[in-house]
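*Asks:* When you get a sec, could you give me coordinates for this:
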Amino acid sequence: MAPERRGRGRSERSGRRLDEATRKLDEADRKVARKLDEARRRLEDAEREVAQATGPIWGRPEPGARRARFTREEIAEAALAVADAEGFDAVSMRRVASELGAGTMTLYHYVRTKDELVALMDNAIMGEVVIPEGELPADWREALKLVARRSHDAFQRHPWALAAMTDAQIGPNGMRHLEQSVAAVAELDIDLVSTFEIISLVDEYVFGYAMRQREPGPDDPDARERWLAQVSQYVDEQLETGDYPQLAGLMPEGGMAAVWERMHESEATEDRFERGLERVLDGIELDLERRGAL
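*Replies:* Next up, the predicted model:
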């Protein structure tokens, strides 16, 4: 057999072996993924059963002093540190236990499920929002301003929290925050529904502002820069068609890229949050005056 034919034969056999090895590896990966999914579902089912059987973490006392190595506050602090540094997805029972210098099973002695861990985190953040005793202003408008500012500051420290904490169990600090929010408007002559509408309106402004603070596009700075360049180019090209006269009339020299820059500069100042908050409160005050509630 000619050397070149023998070489081709060896190459073909090697290719077939590589294909077979790749197929087996892919099949093994799928089996592992199925096993992991099954284990994950079983863990989630077990956690739900535990939660249903025991109720919220706030309904039971902390472990006795003889066995307690960590307080709930210390566990929450460790979890928040992980989320602040690496994002909420990095938070797990194993990771938090590691941060505390403990084994995962040790942490389960204090926190029975991931939902309970999230509840502790949420309660810790709400503790940052709660106004110290005796410092809530008597004037409804100043009181709502202070509540809004403390919420805003908490989201600045924990920008991931708005999306991650939506399903968290309300805890003691959440109840204190709700109590203070109601107390802020207690002087007003309004009914229950109006009370919660006003509180919710201010919260919605704070939440919306926090969401808008997130940089547009991908999280990676280089990828975001490319994304912004592509969006700016597309918008500028569309404006040149003449189909968007209102937008075109607003565009400064430099086009959409200049708009991004100006908006970024505006959002980087606290004045913008305060201006928006004043406008919201102006609207609430005007409505209250019309209804004779002031």
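
*Asks:* quick one: the helices in the stretch 101-250 of the chain?
*Replies:* Here the stretch 101-250 of the chain has its helices, by DSSP state H, counting those that start in this stretch, at 104-108, 114-129, 140-157, 161-164, 172-184, 192-212, 221-239, 245-250.

*Asks:* between the fifth one and helix 192-212, how many degrees?
*Replies:* By that I understand helix 172-184. 120 degrees (axes from the mean of the first three to the mean of the last three Cα atoms, to 10 degrees).

*Asks:* Excluding its own residues, what touches stretch 275-289? List them.
*Replies:* With Cβ atoms under 8 Å, 6 or more residues apart in numbering as the test, stretch 275-289 has contacts from 141, 144-145, 148-149, 188, 190, 198, 201-202, 205, 209, 294. No exception for glycine: its C-beta is placed from N, CA and C like everyone else's.

*Asks:* cutoff 7 Å now
*Replies:* Here stretch 275-289 makes contact (Cβ atoms under 7 Å, 6 or more residues apart in numbering) with Arg141, Leu144, Lys145, Ala148, Leu188, Ile198, Leu201, Val202, Tyr205, Tyr209, Leu294.

*Asks:* For burial, what's the neighbour tally of the closest residue to Pro218 other than its chain neighbours?
*Replies:* Of all residues not flanking Pro218 in the chain, Arg224 sits nearest, at 5.1 Å (Cβ to Cβ, 6 or more residues apart in numbering). Counted with other Cβ atoms under 10 Å, residues neighbouring Arg224 total 14.

*Asks:* In contact with Val91, which residues?
*Replies:* By Cβ under 7 Å, 6+ apart, the residues touching Val91 are Ala79, Val82, Ala83.

*Asks:* ok, it to Phe273 distance?
*Replies:* As judged by Cβ to Cβ, to the nearest Å, Val91 and Phe273 stand 28 Å apart.

*Asks:* remind me which residues of the stretch 151-294 of the chain are low pLDDT?
*Replies:* 215-217, 219, 266-270 (pLDDT under 70).

*Asks:* same thing but at 80, please
*Replies:* 213-222, 224, 260, 262-270, 293 (pLDDT under 80).

*Asks:* Now for Met251: which residues touch it?
*Replies:* Going by Cβ under 7 Å, 6+ apart, Met251 touches Leu239, Val259.

*Asks:* backbone phi and psi for it, please?
*Replies:* phi -70, psi 130 (degrees, to the nearest 10).

*Asks:* re the thing from before, for Ile57, which of the helices of the stretch 101-250 of the chain is the nearest?
*Replies:* When the helices of the stretch 101-250 of the chain are compared by Cβ to Cβ, helix 114-129 sits nearest Ile57, at 4.4 Å.

*Asks:* Please point out which parts of that closest one sit buried.
*Replies:* 115-129 (16 or more other Cβ atoms under 10 Å).

*Asks:* quick one on the thing from earlier: from what I can see the residue nearest to Pro218 touches Val231, true?
*Replies:* No: the pair Arg224 and Val231 fails to qualify as a contact (Cβ atoms under 7 Å) at a distance of 10.4 Å.

*Asks:* Distance to Arg279 added to the helices of the stretch 101-250 of the chain, as JSON lines?
*Replies:* Output for these, formatted as JSON lines (distance: least, Cβ to Cβ, whole Å):
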{"stretch": "helix 104-108", "distance to Arg279": "46"}
{"stretch": "helix 114-129", "distance to Arg279": "22"}
{"stretch": "helix 140-157", "distance to Arg279": "12"}
{"stretch": "helix 161-164", "distance to Arg279": "21"}
{"stretch": "helix 172-184", "distance to Arg279": "18"}
{"stretch": "helix 192-212", "distance to Arg279": "9"}
{"stretch": "helix 221-239", "distance to Arg279": "27"}
{"stretch": "helix 245-250", "distance to Arg279": "20"}
